[in-house]
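A.B. asks: coords please:
(4 chains)
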Number of protein chains: 2
Amino acid sequence: MLSTGKDSISLYMQIRNLLAARIGRGDWSPGDVIPSEIQLAQELGVSQGTVRKAITELVEKNVLTRKQGRGTFVSAHDQDRALFHFFHISADNGQKVLPQSSVLRCRRKTASRAEASKLHLEHGTRIISIERIRRFADQPTILENIVLPAELFAGLDGESELPNTLYELYQRKYGITIHSASERLKAASATDREAQLLNVARGTPLLQIERIALTLENTPVELRISRCNTARHYYENTIF
Amino acid sequence: MLSTGKDSISLYMQIRNLLAARIGRGDWSPGDVIPSEIQLAQELGVSQGTVRKAITELVEKNVLTRKQGRGTFVSAHDQDRALFHFFHISADNGQKVLPQSSVLRCRRKTASRAEASKLHLEHGTRIISIERIRRFADQPTILENIVLPAELFAGLDGESELPNTLYELYQRKYGITIHSASERLKAASATDREAQLLNVARGTPLLQIERIALTLENTPVELRISRCNTARHYYENTIF
DNA sequence: AAGTGGTCTAGACCACGTA
DNA sequence: ACGTGGTCTAGACCACTTG
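C.D. replies: Here you go, the predicted model:
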């Protein structure tokens, strides 16, 4: 089972891959305990330290979770992670939930100079422009303006209803995986229209988030400007 | 030197901190080789494996770099990193420079409930409170309120002049390495005093950044609330 | 050949959670 | 009391780089 030849990869890597494969196959499901380090060591004929190193790498990749005194578990939070990875707004009590979204406008137009520049498009390229409002517990809190190259997202403006989590749609229908994003934040005053939509006084300070979302190849494919009422919410960022 | 008592942190963590402190103090400079794992083990009276685990963590944090057959080196990109890693404000043209700082106030007081809670301190603990203003090209742009536990930073309020980059001071004089931080951003209105200091109209929207800075052990040691005029600057964040 | 980091072992004891 | 992960040791051998 485990190879020990000269040009083979190290033992702990083989074990790491073996464990990952078992999890992928579903031998162990999210939430399950896996056998203890000592049991695995005996089963595989290696020392505990070697199993330990293999498990450590899977813990660092968030595939497994250790709980001292209890055991090692298959992580359950791999899907939630995808949902919240690009969403950094939390309520003041620290809770993080996705807001509901309603589309206000969805139309095709020609990219402005700024939009074309930020999405690396030729001047005059057609884009899809979406405006939507997002609510936490029925309280309108965020206004979003989303700009997409019409060519890449052909037909999206005809969709009868857009899902709340757009990046899943990009992935599923257009084969575009958002992999990273760069955001620029400023404080700004609510315009009359924004004040009305967000149910605040004109001039109320809003947090403006300008995001450029990139694919795996670092191609910019979405420009999104959000303006948020931060009276009861905040933008969260952790620096490591 | 190394403590072995019941409630002390583990050996390898002490060694990790010791190595980090030596690097921070400049005992070893970026690009230098540090002593071999075996030499360090002998010097510190522990086994190679323990030194190895300490070094591994610093490698994962990009402080050290291993080169098989050659040695372990202090990473070269650590100074720039230290300078800008925790500073996310850029000018609208994309340029990132450190602002100049002037201290407005520096005094000792008792922690408020909120301050004590955020720094994990007992109610009534003494703190050092620093207020400073930061200028880009002589334009006042950021007001900072910094709160530190007085016990950890004994004598800091007596310093005749505080450096622009405080985290270097924490490291050099107090052996405290800021390793990560969690930030909460909101939009807020300038108070009268803020408006006067920042040379803007009362009520101008400001970007408020509340940061809790953590050591290697994730102990919170600094609370910093910055209020920024984002007329010509923005807060930058990249999501990977 | 000598010295470095990289892997691996067999065993020990500690800290934690559960029964 | 028992089993789990967490730390630590003392020693071994391998893979790589340099004199």
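A.B. asks: Quick one: end-to-end distance for stretch A:151-159.
C.D. replies: This stretch, stretch A:151-159, spans 15 Å end to end (CA to CA, to the nearest Å).
A.B. asks: Residue A:151 contacts residue A:126, doesn't it?
C.D. replies: Yes: here residue A:151 reaches residue A:126: they are 7.2 Å apart, a contact under CB atoms under 8 Å. To be clear about C-beta, it is placed using only N, CA and C from the backbone, and glycine gets the same treatment.
A.B. asks: And the contacts of stretch A:86-96?
C.D. replies: Outside stretch A:86-96, the residues within contact range by CB atoms under 8 Å, 6 or more residues apart in numbering or on different chains are A:84, A:97-99, A:136, A:141-142, A:167, A:178, A:181, A:213, A:228, A:232-237, B:237, B:239.
A.B. asks: so for it, what's the average pLDDT?
C.D. replies: Stretch A:86-96 shows an average pLDDT of 96 in the prediction.
A.B. asks: what about the nearest residue to residue A:43 once chain neighbours are set aside, neighbour count?
C.D. replies: Residue nearest to residue A:43 in three dimensions, not counting chain neighbours: residue A:35, with 7.2 Å by CB to CB, 6 or more residues apart in numbering or on different chains. Neighbours of residue A:35 under the rule other CB atoms under 10 Å in any protein chain shown: 15.
A.B. asks: Mind pulling the model confidence for residue A:35?
C.D. replies: Note for residue A:35: predicted pLDDT of 94.
A.B. asks: Identify each buried residue in stretch A:230-239, please.
C.D. replies: A:230, A:231, A:233, A:234, A:235, A:237, A:239 (16 or more other CB atoms under 10 Å in any protein chain shown).
A.B. asks: Give me the phi and psi for the last one.
C.D. replies: I take that to be residue A:239. Dihedral angles of residue A:239 (phi, psi; degrees, to the nearest 10) stand at phi -110, psi 120.
A.B. asks: Name the residues linked to it by a beta bridge.
C.D. replies: Assessed by DSSP bridges, residue A:239 has beta-bridge partners residue B:181.
A.B. asks: and if you look at the third one?
C.D. replies: According to DSSP bridges, the residues that bridge with residue A:233 are residue A:91.
A.B. asks: surely it meets residue A:136?
C.D. replies: Yes: using CB under 8 Å, residue A:233 makes contact with residue A:136 at a distance of 7.0 Å.
A.B. asks: related to what we said a few turns ago, out of the buried residues of stretch A:230-239, who's nearest residue A:114?
C.D. replies: residue A:235 (22.5 Å; CB to CB).
A.B. asks: element containing the closest residue to the closest one other than its chain neighbours?
C.D. replies: Sequence neighbours aside, residue B:185 is the residue nearest to residue A:235 in space, at 4.1 Å (criterion: CB to CB, 6+ apart). Per DSSP states H and E: residue B:185 is located in strand B:180-189.
A.B. asks: quick one: average confidence on that strand?
C.D. replies: 97.
A.B. asks: And that strand, how far out from the chain middle?
C.D. replies: Taking the mean of its C-alpha atoms, strand B:180-189 sits 16 Å from the chain's own mean (CA atoms, centre = their mean, to the nearest Å).
A.B. asks: Show me the contact partners of the very next helix or strand once past it.
C.D. replies: Using DSSP H and E, the helix or strand that follows strand B:180-189 towards the C-terminus is helix B:192-198. Helix B:192-198 is touched from outside by B:104, B:133, B:140-141, B:143, B:190, B:201-204, B:206, B:227, B:229, with contacts defined as CB under 8 Å, 6+ apart.
A.B. asks: and chain A, which of those contact it?
C.D. replies: For chain A, the contacts drawn from these by CB under 8 Å from any CB of the partner chain are B:203, B:206.
A.B. asks: Show the low-confidence segments of chain A, by residue range.
C.D. replies: A:1-8, A:77-82, A:217 (pLDDT under 70).
A.B. asks: all strands for it, in order.
C.D. replies: Along chain A, counting by DSSP state E, strands occupy A:33-34, A:64-67, A:71-74, A:89-91, A:100-110, A:126-136, A:139-149, A:180-189, A:205-214, A:220-228, A:233-239.
A.B. asks: Same list (those strands) but as CSV, adding distance to residue A:17.
C.D. replies: CSV is the format used below for these (distance: least, CB to CB, whole Å):
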stretch, distance to residue A:17
strand A:33-34, 15
strand A:64-67, 13
strand A:71-74, 16
strand A:89-91, 37
strand A:100-110, 40
strand A:126-136, 42
strand A:139-149, 39
strand A:180-189, 27
strand A:205-214, 30
strand A:220-228, 33
strand A:233-239, 30
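A.B. asks: Up against DNA strand C, what does chain A have?
C.D. replies: Residues of chain A lying near DNA strand C by CB under 7 Å from any atom of the strand: A:10-13, A:45-50, A:53, A:67-70.
A.B. asks: biggest separation within those, which pair?
C.D. replies: Longest span within the residues of chain A next to DNA strand C, CB to CB: A:10 and A:69, 29.2 Å.
A.B. asks: who's more crowded, these two?
C.D. replies: More crowded of residue A:10 and residue A:69, by other CB under 10 Å: residue A:10, with 11 against 4.
A.B. asks: Next, the contact list for that one, please.
C.D. replies: By CB under 8 Å, 6+ apart, residue A:10 has no neighbours at all.
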